[in-house]
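> using only what follows, build the 3D model:
(2 chains)
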Amino acid sequence: MLGYLLKRLLYLVPVMLGVSLITFLLINLAPGDPAGLILRSGGVEPTREAVEALREELGLNDPLYLQYGRWLWRVLHGDWGRSFRTGRPVVEELLSRFPATLELALAATLFMLCLALPLGILSALYRHAWLDHLSRLGALLGASLPGFWLGLVLIYLFAVKLRVLPVMGRGGLEHLVLPAVTLGFGLAAVYARILRAGMLDALGQDYIKVARAKGLPEKWVIGRHALKNALLPVVTLLGLSFGHLLGGVVIVETIFAWPGVGKFAVDSIFNRDYPVIQGYALFMSVVFVLVNLVVDLSYVLLDPRIRLGKGS
Amino acid sequence: MSRLEVKKLCCHFATEGGRIEAVNGVSFSLAAGEAVGLVGESGCGKTTLALAVMGLLPPTARVSGSVSFRGKNLLELSEAEKDLFRWRHIAMVFQNSAEVLNPMLSVGEQIAEPLRRHLGLGRREAEKRSQELLEMVGLGGEWACRYPHQLSGGMRQRALLALALACEPEILLVDEPTSSLDPDSREEILRLLAELQNRYGFSLLLISHDLSAVARLTSRLLVMYAGRVVEEGPTEEVIARPMHPYTRGLISSTPHLFPYRDLWGIPGETPGLKLPSGCAFHPRCTQAVEKCRQEAPGLAPLPGGRRVACHRGGIVTLLEAKGIRHEYQLARGRRL
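Alright, predicted model coming up:
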């Protein structure tokens, strides 16, 4: 078990190297000059000499392999560089925004589960009944309504018309509701359908017939026997979407002026803030690998077939 | 005094392709401690019959007739009332398959469930009892904390037996206990089943297409074809002198019972969902007459407690030959 864990963590090294290299190449392929953008941010068109001087200072005139090597060397020594825009260390910038993103990701996942679990279970139990059709419609809507549209409609309804929730910004629990619902609704649509399929598959198995034959109450049959099996595919996907949410959800963070990493990363891309983009990519690759590691570990805990192997 | 009395049990399924008659007017009884065999090819309605007795058919099934146990018709009970009977009084050993036990729960947990539900045992007691049950079927108590995927087919069959006997039911329905087992495991399971019946005295309905297994364990035999019982009688006699052409076909396709003679089998194929008119067996029967095509025969009593459903009163003897010898001369040095 410990060996497995170490192997998985070691696996992070090539992933991080690959991700950082690809990111580095991509941002250098994209047009736009950070030096020019930085100087222009004052509102005055800079002189050619000023741009050239700043390029030299930032090391942008060096060959690419030298730039990448220098960046890598610093990162290995714990220095992720400073943002071109704000001048603050990249690590500080990312870590200060990460709690907001984590908070939103957790809230959205929680809301999604509260909606998807009962809906998925009930639409499997009452297959082809009105609830099932309703959930199918909900899934269609949830999957096809764009987040920005839903976010704006929710803001209009609950913040502007009813005035029960704040329009934007981060603060207490009430600030969390609208962005979490916007994000969670789209996810819940997909998860409810996945859980429904898993439940239907489990309910058709022989062991459900045996459980019923044992005279067990229906809620045991559903909860203990069917749901446990049906949740496995949900857990796998949960890792993927949670990793995605931790990367920050740009559109929702922008609409609700949520100070998370996603919005920050996109702003940095527009401003060609190379150190931040590099740092963000590196940070996200670590988050993704770790989240997937947690999912795999939870699988081991959940499924005895994986925990114990065959014939052990 | 019979413990279980099944009368005119019919199970129909309404499908888009029409009505499927899986079980059609089956009647039989199980006395205390009696072992009855139910044989027939796959798809003849054996398992449907067992599930109907347990009240486990899907809601799409139309079940009529009666299943009497302790003076109550089980078919008329509500689901909640059925739950009190199931497993407590009538238990079933389901057909062995990889998915018959829940892969997410340990073997012990699955045996403990009915103990806690019906006998009101606490967690500890149920755990201890399930270990004892596993020991009783020849799996060690340590298997209680193992999971289904760690069991071999033979071990799973034992675990299923332990599970079914958890509440010491009066009636045990056993579905295909020897299917998908190797000869050694098959032998052990049959021995175990006989031993357990001796010890607990439950009434046994043994459902199988393995005639020789049924012959070893049961005293009475029901032969089913296309949802109907076509022959009934004491097991030994039915096997020694079958009255229905179908029974004869079944016996002559069982090498264990028919060791030195040629395997004849039964011509034709098992009927699909659409049954032939009249006697469902007539297209495959060697002695069918016009009446067989038009009318389904009822089970008619014969002397010796036997019954057969055949318009011709069972197998008709046209020619009897005795003492014929058949010798083969093997040419020396040649292989057969």
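> could you use CA atoms for every contact and neighbour count after this?
Noted.
> now the helix or strand containing residue A:185: buried residues?
For residue A:185, the element it lies in under DSSP states H and E is helix A:173-203. The neighbour-count criterion (16 or more other C-alpha atoms under 10 Å in any protein chain shown) identifies A:175-200, A:202-203 as the buried residues of helix A:173-203.
> again, but for stretch B:285-302
Neighbour counts over stretch B:285-302 (16+ other C-alpha under 10 Å) mark B:285, B:288, B:292, B:293, B:296, B:297, B:298, B:299, B:300 as buried.
> helix/strand/coil for the second one?
When the structure is reduced to helix, strand and coil (DSSP: H, G, I helix; E, B strand; the rest coil), residue B:288 reads as coil.
> what pLDDT is listed against it?
The model reports residue B:288 with a pLDDT of 88.
> skipping its backbone neighbours, what lies nearest it in space?
Closest residue to residue B:288 apart from its sequence neighbours, by C-alpha to C-alpha, 6 or more residues apart in numbering or on different chains: residue B:282 at 5.5 Å.
> again with the first one
When the adjacent residues along the chain are set aside, residue B:285 lies closest to residue B:245, with 6.6 Å between them (C-alpha to C-alpha, 6+ apart).
> isn't that neighbour right next to residue B:286, touching?
Yes: under the criterion of C-alpha atoms under 8 Å, residue B:245 makes contact with residue B:286 at 7.5 Å.
> now the strands for chain B?
Under the criterion DSSP state E, chain B carries strands at the ranges B:2-15, B:18-31, B:35-39, B:61-69, B:72-73, B:90-93, B:171-175, B:203-208, B:220-225, B:228-234, B:300-302, B:306-308.
> ok, which of the ones you listed comes nearest residue A:267?
Between residue A:267 and these, the tightest spacing by C-alpha to C-alpha is seen for strand B:2-15, at 60.6 Å.
> can I get the closest one as CSV, trimmed to CA atoms?
Provided in CSV are the C-alpha atoms of strand B:2-15 (Å, rounded to 0.1, in the frame of the first residue of the first chain):
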residue,chain,number,x,y,z
SER,B,2,-48.4,-31.5,3.6
ARG,B,3,-46.4,-28.4,4.5
LEU,B,4,-46.7,-26.7,1.2
GLU,B,5,-49.6,-27.1,-1.2
VAL,B,6,-49.3,-25.6,-4.6
LYS,B,7,-52.5,-25.7,-6.6
LYS,B,8,-53.1,-24.9,-10.3
LEU,B,9,-50.3,-22.4,-10.2
CYS,B,10,-50.1,-20.3,-13.4
CYS,B,11,-47.5,-17.6,-14.2
HIS,B,12,-48.1,-15.6,-17.3
PHE,B,13,-46.0,-12.7,-18.6
ALA,B,14,-47.6,-10.1,-20.9
THR,B,15,-45.0,-9.0,-23.4
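> quick one: contacts of it?
When contacts are defined by C-alpha atoms under 8 Å, 6 or more residues apart in numbering or on different chains, strand B:2-15 is touched by residues B:19-32, B:48-49, B:52, B:60-70, B:171, B:203.
> quick one: pLDDT of residue B:29?
Looking at residue B:29, the pLDDT reads 93.
> who does it form a beta bridge with?
residue B:5 (DSSP bridges).
> and it, how far is that from chain A?
21 Å (C-alpha to the nearest C-alpha, to the nearest Å).
> which ones are touching that residue?
Per C-alpha under 8 Å, 6+ apart, neighbours of residue B:29: B:2, B:3, B:4, B:5, B:6.
> so which elements touch the helix or strand bottoming out on mean pLDDT in chain A?
None of the helices or strands of chain A scores lower by mean pLDDT, DSSP states H and E than helix A:304-308, at a mean of 80. Helices and strands touching helix A:304-308, by 3 or more C-alpha pairs under 8 Å, 6 or more residues apart in numbering or on different chains; DSSP states H and E, are helix A:274-302.
> buried ones in the helix it packs on?
A:274-293, A:295-296, A:299, A:302.
> which among those residues are in contact with chain B?
residue A:302 (C-alpha under 8 Å from any C-alpha of the partner chain).
> so where is the chain shaky, pLDDT-wise?
No chain in the question, so chain A it is. Counting by pLDDT under 70, the ranges of chain A that qualify are A:309-312.
> the chain in question should be chain B.
B:1, B:258-264, B:333-336.
> residues of it that sit close to chain A?
B:54, B:56, B:82-88, B:91-92, B:94, B:99-104, B:113-114, B:117, B:147, B:149-151.
> drop anything exposed from those.
Buried members of the residues of chain B next to chain A, counted by 16+ other C-alpha under 10 Å: B:54, B:56, B:82-88, B:91-92, B:94, B:100-104, B:113-114, B:117, B:147, B:149-151.
> quickly list the domain ranges of chain A.
Taking automatic domain parsing as the domain assignment, the ranges for chain A are A:17-90, A:97-302.
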